[in-house]
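[1] Show me the folded form of this:
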Amino acid sequence: MVKSTNITVYLCSECGSDYPKWHGKCPTCNEWGTLKEFSISKKDRQKRDVETRPTIPLVDILYHGEIKRNPTGISEIDRVLGGGFLPGSVVLLGGNPGIGKSTLALQMVAKLKDPVLYVSAEENEEQIALRSKRLGINSNNLNLTSENRWEGIMEHLSLLNLKYLVIDSIQTIYTDHGESLPGSIGQVRECGQKILEICKQRRLTGIIIGHVTKEGMIAGPKMLEHMVDTVLYLEGDTRHDYRILRAVKNRFGSTNEIGVFEMTTRGLQEVKNPSELFLAERHPDIAGSVVVPTMEGSRPILIEVQALVSNATFGTPQRNVTGFAPRRLSMLLAVLEKRLGLLMSTKDVFVNFVGGMSVNEPAVDLAVISAIASSQRDKPLPSRMVLAGEVGLGGELRAVSHIEKRVQEAKRLGFKEFIGPASNVNKMRRKVSGITLIGVESVESVFKRLF
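    Modelled structure (predicted):
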């Protein structure tokens with residue numbers, strides 16, 4: 001009998017830990033049912049003869065080395081990345097099918113001045129060329145290949161003097177050292193590690209495109225997100241034209257910034273004024289419509305909040321919300337009923353942040369609770385007024401951050417009144433002409449002024 005040369009291990013899809021035997025619950029991350037079986041060759045477990053990399057004093061890097069970012073030429077992408085790409089970094093880009101990941105990656109590297117290798121294992125070179133023609137891309141630095149075997153990709157890297165490597169997508173790449181099929185946990189983990197190693201060794205900038213699961217997470221082991229330097233998600237509804245690029249991890253910049261794009265026949269185009277985009281189709285004379293200035297990183301964006309309150313048809317009232325935390329909505333409804341005397345236990349409540357934006361900052365509390373009250377009383381609010389403030393359990397209004405930026409954005413778009421926490425309005429370093437600032441202490445005071 002021929003002795004097997006493979007080893008069976010069990011890999012956790014959440015944390016990436018592997019074990020020699022199966023466990024119902026991963027001992028590392030304590031998640032149930034995440035261990036999957038796959039085989040690896042014994043030679044992969046043998047010690048590799050790798051040259052030890054030298055140590056470098058920190059002061060030599062800071063004062064004698066050159067730490068320079070490479071801008072992409074697209075300001076919305078540079079905003080999310082923190083200024084551009086860093087040599088030796090690896091970026092993971094995820095998103096739903098058809099959202100525009102490949103289009104964004106192609107536009108991202110088209111304006112770079114250094115050579116790029118675009119590995120498209122899902123499409124051949126002719127298909128990528130047709131897309132480039134449609135997007136108006138004509139770059140001498142862009143090299144295409146449909147190779148999906150890692151050893152073949154390494155041959156291309158050895159022949160070309162490259163600065164950027166794009167993998168589209170990681171789920172279609174496989175290595176000869178793995179026994180499983182492309183897209184399996186073992187192959188994704190192994191190929192991700194090899195991409196990381198080659199980018200660090202050769203100071204390449206790697207851009208990896210990843211598929212997402214039905215839960216919205218990037219498919220494969222969670223360890224893939226831990227290995228890379230930046231994780232980006234391209235969000236949006238395929239039924240609408242706008243897309244939002246958001247960083248959920250960034251070792252070299254902030255994770256609070258977003259980039260806003262519009263999908264056109266020429267690809268993803270930057271949206272310089274997102275507030276105007278989200279308010280373009282607003283009908284101000286409808287009850288339950290309020291505008292709130294939100295903050296996405298350092299950028300203020302005005303968004304319309306819509307609420308609809310109706311009598312509950314069934315025994316249990318519905319609580320449907322889009323773009324806002326359902327638990328937070330339940331808290332605001334309790335404040336409405338307990339502190340302000342509005343009966344909500346027999347009402348269906350629907351709340352929607354127009355444009356598909358997901359907002360998780362407490363500054364939108366006042367706008368949400370005011371929109372619900374406006375719909376419940378069937379009384380439209382003033383069309384040129386914006387509201388911002390955090391609502392406490394006692395009905396008090398608490399301070400929010402970046403109040404001056406919110407006021408300036410509201411004024412720029414023609415709004416005349418700003419209602420916010422008195423602690424914010426009273427402490428503003430300078431008054432803003434052309435817009436009336438109203439500071440209030442509680443939601444009850446706001447409702448007396450509105451209704």
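[2] How is this structure partitioned into domains?
    Dividing the chain into domains by automatic domain parsing, as the record does, gives the ranges 6-43, 66-271, 277-450.
[3] So which residue is dead centre in the protein?
    Ranked by distance to the mean C-alpha position of the chain (C-alpha atoms, centre = their mean), the top residue is Arg246 at 2.7 Å.
[4] where does that residue land in three-state SS?
    The three-state label given to Arg246 by DSSP: H, G, I helix; E, B strand; the rest coil is strand.
[5] hang on, the earlier thing: Thr52: which of the domains of the chain is closest?
    When the domains of the chain are compared by C-beta to C-beta, domain 66-271 sits nearest Thr52, at 12.8 Å. For every residue, glycine as well, the C-beta is placed using N, CA and C.
[6] what mean pLDDT would you report for that closest one?
    Averaged over domain 66-271, pLDDT sits at 87.
[7] Relative to the whole chain's centre, how far out is it?
    If you compare the mean C-alpha spot of domain 66-271 with that of the full chain, they lie 14 Å apart, counting by C-alpha atoms, centre = their mean, to the nearest Å.
[8] OK, contacts around Ala247?
    Applying C-beta atoms under 8 Å, 6 or more residues apart in numbering, we find Ala247 in contact with Val80, Leu81, Thr230, Val231, Leu232, Tyr233, Gly253, Ser254, Thr255, Glu257.
[9] between those, which is nearest Asn352?
    Using C-beta to C-beta as the measure, the one of the contacts of Ala247 that approaches Asn352 most closely is Tyr233, at 21.2 Å.
[10] Surely that closest one forms part of a helix?
    No. In this structure, Tyr233 is strand, not part of a helix, as judged by three-state DSSP.
[11] ok, how many other residues are close to it?
    Each residue near Tyr233 was counted by other C-beta atoms under 10 Å, and the total is 22.
[12] Quick check: beta-bridge partners of it?
    Per DSSP bridges, the residues bridged to Tyr233 are Gly94, Arg246.
[13] How much space separates it from Val260?
    Spatial separation of Tyr233 from Val260 under the definition C-beta to C-beta, to the nearest Å is 14 Å.
[14] Val116 too?
    Spatial separation of Val116 from Val260 under the definition C-beta to C-beta is 25 Å.
[15] Next, Phe252: phi, psi?
    phi -120, psi 20 (degrees, to the nearest 10).
[16] Of the contacts of Ala247, which belong to helices?
    Using DSSP state H, the members of the contacts of Ala247 that fall in helices are Val80, Leu81.
[17] ranking the contacts of Ala247 by neighbours, who comes first?
    Top of the contacts of Ala247 by neighbour count (other C-beta under 10 Å): Leu81, with 28 neighbours.
[18] which residues sit in contact with it?
    For Leu81, the residues meeting the contact criterion (C-beta under 8 Å, 6+ apart) are Arg69, Thr72, Val91, Thr230, Ala247, Asn250, Phe252, Gly253.
[19] So which of those residues sit within strands?
    When these are checked against strands (DSSP state E), the matches are Val91, Thr230, Ala247, Asn250.
[20] Gln107 touches Ile74, doesn't it?
    Yes. Using C-beta atoms under 8 Å, Gln107 and Ile74 qualify as a contacting pair, with a distance of 6.7 Å.
[21] Between the domains of the chain, which one is closest to Asp60.
    Each of the domains of the chain was checked against Asp60 via C-beta to C-beta, and the shortest separation belongs to domain 66-271, namely 11.5 Å.
[22] any idea whether Arg328 is helix, strand or coil?
    Secondary structure for Arg328, judged by three-state DSSP, is helix.
[23] Surely it and Asp365 touch.
    Yes. Counting by C-beta under 8 Å, Asp365 is a contact partner of Arg328 at 7.4 Å.
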